[in-house]
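Enquirer: Task: produce atomic coordinates for the following.
(4 chains)
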There are 2 protein chains.
Amino acid sequence: MRITAQEEYGLRCLLQLAYLPQGKSVTVKEVAAKEGLSTAYVEKLLRLLGRAGLVHSVRGMRGGYVMNRAPAQITLGETIRALGTIQTTGHICSAFTGSKDICVHFNGCSIRSIWSGLTSYIQRYLDDTTLADLLEDEYVLSTRLAKRLT
Amino acid sequence: MRITAQEEYGLRCLLQLAYLPQGKSVTVKEVAAKEGLSTAYVEKLLRLLGRAGLVHSVRGMRGGYVMNRAPAQITLGETIRALGTIQTTGHICSAFTGSKDICVHFNGCSIRSIWSGLTSYIQRYLDDTTLADLLEDEYVLSTRLAKRLT
DNA sequence: CGATAATATGACTTTTTTGTCAAGTATTCT
DNA sequence: AGAATACTTGACAAAAAAGTCATATTATCG
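Expert: Next up is the predicted model:
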């Protein structure tokens, strides 16, 4: 159960845009330098975010990437879904790699229920968090997050 | 954000043992046949569960694998941790692959807070579920799971 | 005691995911 | 227009994860 590299780095790059005053653009090169990633990789990540409609690019000199919405209007859930599916189920029951024709648990498979329940549960957490929350001071945020668990 | 193949298939194999009357063993071959997986793979998965102390094996003729505890005494969390870490943080901040010496977000990194909050959140869900829950009828379980989200 | 049924293990192959590259297109500045 | 700056794209290379194999060990049955 893990966050993928693409999700992690993609989020970081998006936050670099979120740090800026609204409407301001930043180049791939700058983001790459700040995050310590290669420009090629940052390009790929920002393009994924672009396809999902979270950012857009301006070509040519003075170009760069810009957020399409304010940080408070973009959830962590949207971001993660743009970078890699939140899949804890389905990909097994439907695209089963074993030798049987269909998933052996097809009838009355409780595993499916657990995974889909977990997926909803995670989505709720992610959708309750916006990029604006992530721009906050770490201490403030972590104390607020602790309350969710009670 | 996803469940790995090892976690999925490992859980399935463990459930095959959980279905049995307590103390009964089942061979790798049988589990493999029931799950539609190769025996080599099932061996690997059951060994992982064995190392974590969830099951043990009996060698030789009439041998096989047996649960160490009753299904109600084994949580989904333990199972997943035996098969692959529930890692949503740390592996980036400490083992950062970028070109900078340390994670650029080292000071006041809210990403870390979010991930560790999410990890605790997920763990709670998983630790509240036992294998006995997974042996239940799918319909009964799914309605019960829905309540957790309210 | 030998044959058979079973698990044990680590190295190896395949597949998927990550990350890079090279060649191309658009925009602005002079 | 030409040069410089930036994004675009799909194919490729590298790394990690998934899954297999060959060989060894252990236990039971006759």
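
Enquirer: Could you find the closest non-adjacent residue to the residue most central in space within chain A?
Expert: Central residue of chain A (Cα atoms, centre = their mean): residue A:80, 1.8 Å from the mean position. In space, residue A:80 comes closest to residue A:7 once its chain neighbours are excluded; the distance is 5.3 Å by Cβ to Cβ, 6 or more residues apart in numbering or on different chains. Backbone N, C-alpha and C define where each C-beta goes, glycine included.

Enquirer: Mind listing what's buried along the helix or strand the one you found falls within?
Expert: In this structure, residue A:7 sits in helix A:5-18 according to DSSP states H and E. Neighbour counts over helix A:5-18 (16 or more other Cβ atoms under 10 Å in any protein chain shown) mark A:6-18 as buried.

Enquirer: Let me have those in CSV, adding distance to residue B:139 and pLDDT as columns.
Expert: Below are the buried residues of helix A:5-18 laid out as CSV (distance: Cβ to Cβ, whole Å; pLDDT from 0 to 100):
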residue, distance to residue B:139, pLDDT
A:6, 36, 94
A:7, 33, 94
A:8, 37, 91
A:9, 41, 93
A:10, 38, 96
A:11, 37, 95
A:12, 42, 92
A:13, 43, 95
A:14, 40, 97
A:15, 42, 95
A:16, 46, 94
A:17, 45, 96
A:18, 43, 95
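
Enquirer: Could you give the number of residues near residue A:128?
Expert: 12 (other Cβ atoms under 10 Å in any protein chain shown).

Enquirer: What's the separation between it and residue B:118?
Expert: Look at residue A:128 and residue B:118: by Cβ to Cβ, to the nearest Å, they are 11 Å apart.

Enquirer: Which residues of chain A lie near DNA strand D?
Expert: Within chain A, the positions near DNA strand D by Cβ under 7 Å from any atom of the strand are A:27-29, A:40, A:43-44, A:46-47, A:50, A:57-65, A:97.

Enquirer: Could you double-check that residue A:19 lies in contact with residue A:132?
Expert: No: taking Cβ atoms under 8 Å as the definition, residue A:19 is not a contact partner of residue A:132, at 11.2 Å.

Enquirer: related to what we said a few turns ago, mind listing what the residue nearest to residue A:80 touches?
Expert: A:80, A:83-84, B:1 (Cβ atoms under 8 Å, 6 or more residues apart in numbering or on different chains).

Enquirer: Determine which two of those are furthest apart.
Expert: Greatest spacing in the contacts of residue A:7, by Cβ to Cβ: A:83 and B:1 (9.3 Å).

Enquirer: Count the residues that sit near residue A:39.
Expert: 14.

Enquirer: isn't it right up against residue A:28?
Expert: Yes: look at residue A:39 against residue A:28 with Cβ under 8 Å: they come within range, at 5.3 Å.

Enquirer: Which residue ranges of chain A form strands?
Expert: Ranges of strands within chain A are A:55-58, A:64-67, based on DSSP state E.

Enquirer: So which elements touch the last one?
Expert: When you say that, I think you mean strand A:64-67. With contacts defined as 3 or more Cβ pairs under 8 Å, 6 or more residues apart in numbering or on different chains; DSSP states H and E, strand A:64-67 has these neighbours: helix A:5-18, helix A:28-35, strand A:55-58.

Enquirer: All good on my end, thank you.
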